[in-house]
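I would like the atomic coordinates for the input below:
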Amino acid sequence: MKALTRITLPFGRSRVAVEVPRANLLGIVEPRETAEVGQGAAQLGEALAQPVGSPRLCELARPGQKVVIITSDLTRPCPSATLLPPVLGELAAAGVAEHNVTIVVALGLHRAMTAAELSATVGPDVYRRLRVLNHDPADTIRLGVTSRGTPVEILRPVVEADLRVCLGNLEFHYFVGYSGGAKAILPGCASQATVTANHAMMVRPEATAGRLEGNPVRVDLEEGVALLGPTFILNVLVGDRGRVLGAVAGDVTAAHRQGCEMVAQRGKVAIPRRADIALVSAGGYPKDVNLYQAQKALDNAESAVRDGGIIILAAECPEGCGNRTFEEWMTGGDSPQALLERIQKCFVLGGHKAAAIAKVAQRVRILLVSPALAGLRLAGLEHYPTVQAALAAALEALGAEAQIIALPHGGSVLPQAPC
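This next block holds a predicted model:
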């Protein structure tokens, strides 16, 4: 009887376990822990006191100014309630009155958050004291057009503010390169036309995870946000349970680049070779709140699997697909090849997620473990009730000696296999 290794994968707010033949296990790929992990509050204070490419926020802000603080919605693991107090402290030190401060939740084109969700996101005390708004993609002001043809239409309160402060978490993003930075505003606070035009460039080969230079989506959105004027960021690297592992503050681009280096140092992990089978979790809630978000882990996992291999994705997805257009594309009966051809003929937001899954499905099989989605026939995905059952099917298909790699936090690692 083969010796077994028990592996647990984050699954919503809990975990699921799977037993893997020890001889088959190529490795468990986790993000590197940062060498110096301090207290979150201390790291935030240090970042705000030593901003990159910018004066301190308390020096940028002026009494009487209208300030908008932009933060993430519930689909992102950004610890907004932790980041807001030190930022508000900087503004108070500059003499900015709280009635001149508005917090905007950057929804992009995601659903609006409820009052209870907004309160939980920013913290009950801040929610009581300050004006907190959901982004409304229909209430925008046009600022111009980027050199790539994207109309720049940004939420009215963001445009009309004297100063913008963007909060966010830093991680790999499958076509913008990295999250964070100017992305809080575009697409976070942009119109549907702006988001669609910008995201249409995701089909280009340069639009990949971990790439900034020459990435058309990232370059385009930063060009658009530059039309707004002064923008300051506080971005954080987040570990398990929302723990702040690192922080950067300052100029919307310069500070972001320094933050991306932290992500790369933590998440670009060498593996000896591509495996036959990858066991992957997006990292649990909120990264697997729906399939729209959990999809991001597939692109990272793909780099750890050989052609013709199998990815087993464990994702709770209590909100189902998470986007109506995405669900229509995924359940419409098209093959992965047809979905890719369809998105290239006519880019549709939501459909782009289906196309991203289809791209992976053309190279590997994808076995999905998500009881919440079991009733839906999803293009390119095969349902299994448990990770153990999916692994048994994968070993039967690829052989009892198939090599297995595990990525418990697939959204936070980008495996680097030898060329």
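
got the residue ranges for the strands in the stretch 301-419 of the chain?
Secondary structure of the stretch 301-419 of the chain (DSSP state E, counting those that start in this stretch): strands at 305-314, 365-369, 381-383, 404-407.

let's have those in a markdown table, adding distance to residue 248 and mean pLDDT.
In this view, the C-beta of every residue, glycine as well, is placed from N, C-alpha and C. Listed next are the strands of the stretch 301-419 of the chain as a markdown table, based on distance: least, Cβ to Cβ, whole Å; pLDDT from 0 to 100:
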| stretch | distance to residue 248 | mean pLDDT |
| --- | --- | --- |
| strand 305-314 | 31 | 98 |
| strand 365-369 | 35 | 98 |
| strand 381-383 | 36 | 98 |
| strand 404-407 | 25 | 98 |
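
among these, which is nearest residue 42?
strand 404-407 (30.3 Å; Cβ to Cβ).

of the strands of the stretch 301-419 of the chain, which approaches residue 24 most closely?
strand 404-407 (4.9 Å).

how does the protein divide into domains?
4-30+269-407, 40-266 (automatic domain parsing).

reformat the ones you listed as TSV; add mean neighbour count and distance to residue 414.
Putting those into TSV (neighbours: other Cβ atoms under 10 Å; distance: least, Cβ to Cβ, whole Å) gives the following:
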stretch	mean neighbour count	distance to residue 414
domain 4-30+269-407	20	5
domain 40-266	20	5
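
okay if I get these as JSON lines plus distance to residue 416?
Shown next, in JSON lines, are these (distance: least, Cβ to Cβ, whole Å):
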{"stretch": "domain 4-30+269-407", "distance to residue 416": "5"}
{"stretch": "domain 40-266", "distance to residue 416": "9"}
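
ok, which of those domains comes nearest residue 417?
Comparing the domains of the chain by Cβ to Cβ, domain 4-30+269-407 comes nearest, at 5.0 Å.

gap between residue 21 and residue 392?
11 Å (Cβ to Cβ, to the nearest Å).

that older thread, mind putting the strands of the stretch 301-419 of the chain into TSV with distance to residue 182?
Converted to TSV, these look like this (distance: least, Cβ to Cβ, whole Å):
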stretch	distance to residue 182
strand 305-314	30
strand 365-369	32
strand 381-383	33
strand 404-407	28
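
that older thread, quick one: closest of the domains of the chain to residue 415.
domain 4-30+269-407 (4.0 Å).

need the distance between the two termini of that closest one.
End-to-end distance for domain 4-30+269-407, by Cα to Cα, to the nearest Å: 17 Å.

could you do stretch 377-390 as well?
OK, stretch 377-390 end separation, Cα to Cα: 17 Å.

strands along the stretch 51-200 of the chain, start to end?
67-72, 101-106, 131-134, 140-145, 151-155, 163-169, 172-173, 177-178.

just to revisit the earlier point, out of the strands of the stretch 301-419 of the chain, the one nearest residue 229 is which?
strand 404-407 (40.5 Å).

list the neighbouring strands of that closest one plus their orientation.
According to DSSP bridges, strand 404-407 forms sheet pairs with strand 25-28 (parallel), strand 275-281 (parallel).

show me how far the longest one is from its chain's centre.
Computed by Cα atoms, centre = their mean, to the nearest Å, the separation of strand 275-281 from the middle of its chain amounts to 20 Å.

so what touches it?
The set of residues external to strand 275-281 that reach it, using Cβ atoms under 8 Å, 6 or more residues apart in numbering, is 7, 9-11, 18, 20, 26, 288, 297-298, 300-301, 304-306, 309-315, 387, 391, 394-395, 398-399, 402-410.

now the first one
Judged by Cβ under 8 Å, 6+ apart, the contacts made with strand 25-28 from elsewhere in the structure are 5, 7, 271, 272, 273, 275, 403, 404, 405, 406, 407, 408.

same check, this time on stretch 288-299
Contacts for stretch 288-299 (Cβ under 8 Å, 6+ apart): 10-12, 74-75, 172-174, 209, 280-283, 286-287, 311, 313, 315-323, 326, 330, 353, 356-357, 360, 366, 370, 373, 378, 407, 410-411.

just stretch 141-152 next, same as before
So stretch 141-152 is in contact with 153-156, 159-160, 186, 190-191, 193-194, 197-198, 201, 216, 219-220, 223-224, 227-228, going by Cβ under 8 Å, 6+ apart.

give me the subset of the residues you listed that lies in helices.
Under the assignment DSSP state H, those contribute 156, 159, 160, 193, 194, 197, 198, 216, 219, 220, 223, 224 to helices.

can you spell out which helices and strands pack onto the helix or strand bottoming out on mean pLDDT in the chain?
Taking mean pLDDT, DSSP states H and E as the measure, the chain has helix 40-49 as its least confident helix or strand, at a mean of 88. If contacts are counted by 3 or more Cβ pairs under 8 Å, 6 or more residues apart in numbering; DSSP states H and E, helix 40-49 sits against helix 80-93, strand 231-238, strand 244-251.

tell me the helices and strands packed up against the longest one.
Helix 80-93 sits against helix 40-49, helix 57-60, strand 67-72, strand 101-106, helix 115-122, helix 124-129, strand 163-169, strand 231-238, with contacts defined as 3+ Cβ pairs under 8 Å, 6+ apart.
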